[in-house]
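Participant: okay, sequence plus prediction incoming.
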2 protein chains.
Amino acid sequence: MTADRRPGNPGDGPRPHSIRPVRKADRFGRILELLSQGGSVAVGDLSAELGVSEATIRRDLRALDEQRLLERAYGGAVSQGTAYELPVRYRAGHARAEKKRIARAALERVGDGEVVALTGGTTTTEVGRQLVHRSGLSVVTNALNIAAELAVRPNLKLIVTGGVARSASYELVGPLAESTLHGINIDVAFVGVDGIDRDAGLTTQNETEAATNRVLIERSRRVIVVADASKLGRVVFASICPVSAVTELLTEADADPAQVEKLRAAGLTVTTV
Amino acid sequence: MTADRRPGNPGDGPRPHSIRPVRKADRFGRILELLSQGGSVAVGDLSAELGVSEATIRRDLRALDEQRLLERAYGGAVSQGTAYELPVRYRAGHARAEKKRIARAALERVGDGEVVALTGGTTTTEVGRQLVHRSGLSVVTNALNIAAELAVRPNLKLIVTGGVARSASYELVGPLAESTLHGINIDVAFVGVDGIDRDAGLTTQNETEAATNRVLIERSRRVIVVADASKLGRVVFASICPVSAVTELLTEADADPAQVEKLRAAGLTVTTV
DNA sequence: TCAGGAATGCTCGATTCTGCGCGGTTCCGG
DNA sequence: CCGGAACCGCGCAGAATCGAGCATTCCTGA
């Protein structure tokens, strides 16, 4: 099977066939992603999945092991830390057209010179990327990945909350984050959630994250939830706040009409883009 | 030959198709757009896509890398924040080996389970990279770049101070940062400075940064300054604290002996590596 | 019209990545 | 306890990629 070095097998990864990924740099991300999903990976499987020889996979695993990003095991590797829930990881590189549309709509809700807050999440990250096209804004965030992206932009003021970093979501949470937020007044907050439901309100996987997001919402005059269609009607572990605390919901055009109607009936403004 | 001012080659170029080359200003935007779609881009594909040579693409990528808008990788580039250290920075040049030696010496000054603080700076960033080889540590930092690198490490606890981000140095500073630090007790702080002098003490270019670093030092039981040889005897604008507040100075072996002697005479422990 | 600077393409030696084979090590069933 | 099979690390060689220097082309302003 040495001849077939193409990764494109029927039914394998969701490869956008427009641009070929950078071989080595991309493999590292894929390996870590697969690892966070399954908890362990095998050399043979990675070789088949990524279309490179097993020798190369071993070299990759050794490099990642030296960086303490995984732990080498006979025949493959196992995940290093114990904490893994949702591999939010960088797969946001998919920057789907939907999220971008939502982000652009979000931009229209921001007035000149306002103080904007962003929680963690792939959709809010996209909102952050769009914000760089505006000037004179202040951006408050507890998401490290958003902060890192916006730090280089001199045209907006970036305020980062303190706190303990959660490696799964890149969010800064905990009492330190909340006390930072207490000294801040926010005009409009864009909130990413794992679920929004008429009765259960906004929910997310982690209870500490929920508490921090709750404080952020309390400090904001307007609260806009950005969520793709899969989040509507969904309820997960930790409760953030009821929908009555939300000003508006921005979601995709192909969201379930029944769910949209339920939320509207509860008095929430729902906009689909 | 005034009539034939046609400099362009109508079609004799070695180009496969009649693609109009994309000029420089547009290329940057296109590259970043493709990067945001796929998470990574290859030099060869960009060359074909934009109708310019690979050499030009490499020059573009280097420029974008210097602006921190992407990260260069072998064979192409990946979007910022997703690189895993391995592609060694050539930006730091030869100085990196020196910084690495200092960082390794710094590692020996950290006990198991201690709370370590890092201010901003290239040397402290290198210390942060070395810290991942230890487990059970807590790391406090006000440097966004360090936080972003350590956020993916599950083997240590990362605490980020709040504050306003300075785009020049990636540091979080201001009253928010200082109030975050007031709730924290630090075992050992590694401090990067722009100058250290027997009489003027520790100095840095920005006064807000100096104030924040001063608070961080006050909260630390041990204070270790990490600085390359060029910083010794140097005095810049903003004062952080006197040398009496410092536990130890870690610097290069080829530091000016006269400066080292002056600092030692003032009672400071100076170690060269 | 002309000159100079910026941008681009090309060549070349050096570096990095990758696949393959070899010998040693680890795992597993009997 | 033992033998086969799978797995590992290492070194080598070919291929891909890189950075730098130089020639050519394009652009701008005097």
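Facilitator: Right, received. Where do you want to start? Quantities reported herein were computed from a predicted structural model and do not represent experimental measurements.

Participant: what's the longest helix in chain A?
Facilitator: If you go by DSSP state H, chain A has its longest helix at helix A:23-38.

Participant: report the buried residues of that helix.
Facilitator: When neighbours are counted by 16 or more other Cβ atoms under 10 Å in any protein chain shown, the buried residues of helix A:23-38 are found to be A:23-32, A:34-36. C-beta coordinates here come from the backbone N, C-alpha and C atoms, glycine included.

Participant: so which of those is the closest to DNA strand D?
Facilitator: Distance from DNA strand D was checked for each of these by Cβ to the nearest atom of the strand. The minimum falls on residue A:23, at 7.5 Å.

Participant: just checking, that closest one touches residue B:45?
Facilitator: No: here residue A:23 lies out of contact with residue B:45, judged by Cβ atoms under 8 Å, at a distance of 12.0 Å.

Participant: so for stretch A:23-41, mean pLDDT?
Facilitator: Averaging pLDDT along stretch A:23-41 yields 87.

Participant: let me fix that, I meant to ask about stretch A:122-135.
Facilitator: In this model, stretch A:122-135 carries a mean pLDDT of 91.

Participant: and it, C-alpha only, in CSV?
Facilitator: Coordinates of the C-alpha atoms in stretch A:122-135 are reproduced here as CSV (Å, rounded to 0.1, in the frame of the first residue of the first chain):
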residue,chain,number,x,y,z
THR,A,122,-16.5,29.1,18.4
THR,A,123,-19.3,31.4,17.4
THR,A,124,-18.2,34.1,19.8
THR,A,125,-14.7,33.7,18.5
GLU,A,126,-16.0,34.5,15.0
VAL,A,127,-17.8,37.5,16.4
GLY,A,128,-14.4,38.6,17.8
ARG,A,129,-12.8,38.3,14.4
GLN,A,130,-15.4,40.5,12.9
LEU,A,131,-15.0,43.1,15.6
VAL,A,132,-11.6,44.0,14.3
HIS,A,133,-13.3,45.8,11.4
ARG,A,134,-14.6,48.4,13.8
SER,A,135,-12.6,51.0,15.6
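
Participant: now it: buried residues?
Facilitator: Residues of stretch A:122-135 classed as buried by neighbour count (16+ other Cβ under 10 Å): A:122, A:123, A:124, A:125, A:126, A:127, A:128, A:129, A:130, A:131, A:134.

Participant: among these, which are in strands?
Facilitator: Counting by DSSP state E, these place none of their members in strands.

Participant: taking these one by one, which sit in helices?
Facilitator: With helices defined by DSSP H, the entries of those inside them are A:122, A:123, A:124, A:125, A:126, A:127, A:128, A:129, A:130, A:131.

Participant: joint contacts of residue A:23 and residue B:45?
Facilitator: Here residue A:23 and residue B:45 have no joint contacts, going by Cβ atoms under 8 Å, 6 or more residues apart in numbering or on different chains.

Participant: same list, the ones in helices among the buried residues of stretch A:122-135, but as CSV with distance to residue B:255 please.
Facilitator: Putting these into CSV (distance: Cβ to Cβ, whole Å) gives the following:
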residue, distance to residue B:255
A:122, 47
A:123, 50
A:124, 46
A:125, 43
A:126, 48
A:127, 48
A:128, 42
A:129, 44
A:130, 48
A:131, 44
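
Participant: of those residues, closest to DNA strand C?
Facilitator: Relative to DNA strand C, and with distances defined as Cβ to the nearest atom of the strand, the nearest of these is residue A:129, at 25.3 Å.

Participant: okay but that closest one is in contact with residue B:36, surely?
Facilitator: Yes: proximity of residue A:129 to residue B:36 meets the contact threshold set by Cβ under 8 Å, at 7.4 Å.

Participant: sorry, back to before: so which of the ones in helices among the buried residues of stretch A:122-135 comes closest to residue A:263?
Facilitator: Here the nearest of these to residue A:263, counting by Cβ to Cβ, is residue A:123; it sits at 17.1 Å.
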